[in-house]
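Colleague: Please find the sequence and the predicted model below.
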Amino acid sequence: MSITIFSPGSGQTRSGWLWACILGAAVLFMSLPAINLVNINLSRILERAPEIGVRKAFGATSRTLVGQFVVENVVPLTLVGGLLGWALSAVVLRGIVASAVIPYATPI
């Protein structure tokens, strides 16, 4: 099957089919963690319903509450994800330089 997809005379239709499959897999793999994150955040918000009620009683607006939950959920995720990505990229780059896969690569 891969020979017919990647052969030079395969045409645009098979290439389009391959891109559609890759795009479909990417959407699937990205939507599952997003749905899981929404579910976790929803359960955390429902657990904090009494706190939300007290804050609303003292005059907090819906916009303030939404902003609080967005900051509480997005900031730690982006910080941890950014630091983890930075550390892993440094390890991978050092491995590529050490393996001499790229002849003129120099360490940073």
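Modeller: Arrived safely.
Colleague: Sort out which residues of whichever strand or helix holds Gly81 are buried, please.
Modeller: Element membership for Gly81 (DSSP states H and E) is helix 62-99. Within helix 62-99, the residues that count as buried by 16 or more other C-beta atoms under 10 Å are Leu65. Where you see a C-beta, it was placed from the backbone N, CA and C, and this is true even at glycine.
Colleague: for this protein, which spans come out with low pLDDT?
Modeller: 1-14, 107-108 (pLDDT under 70).
Colleague: secondary structure element for the residue most central in space within it?
Modeller: Note on the chain: the residue nearest the mean C-alpha position is Met30, at 6.6 Å, using C-alpha atoms, centre = their mean. Using DSSP H and E, Met30 sits within helix 11-47.
Colleague: Buried residues, that helix. List them.
Modeller: Result for helix 11-47 [16+ other C-beta under 10 Å]: buried residues Ile45.
Colleague: Return the angle between stretch directions for it and helix 62-99.
Modeller: If you take axes from the mean of the first three to the mean of the last three C-alpha atoms, to 10 degrees, helix 11-47 sits at 130 degrees to helix 62-99.
Colleague: Now do helix 11-47: which elements does it pack against?
Modeller: Applying 3 or more C-beta pairs under 8 Å, 6 or more residues apart in numbering; DSSP states H and E, we find helix 11-47 packed against helix 2-6, helix 62-99.
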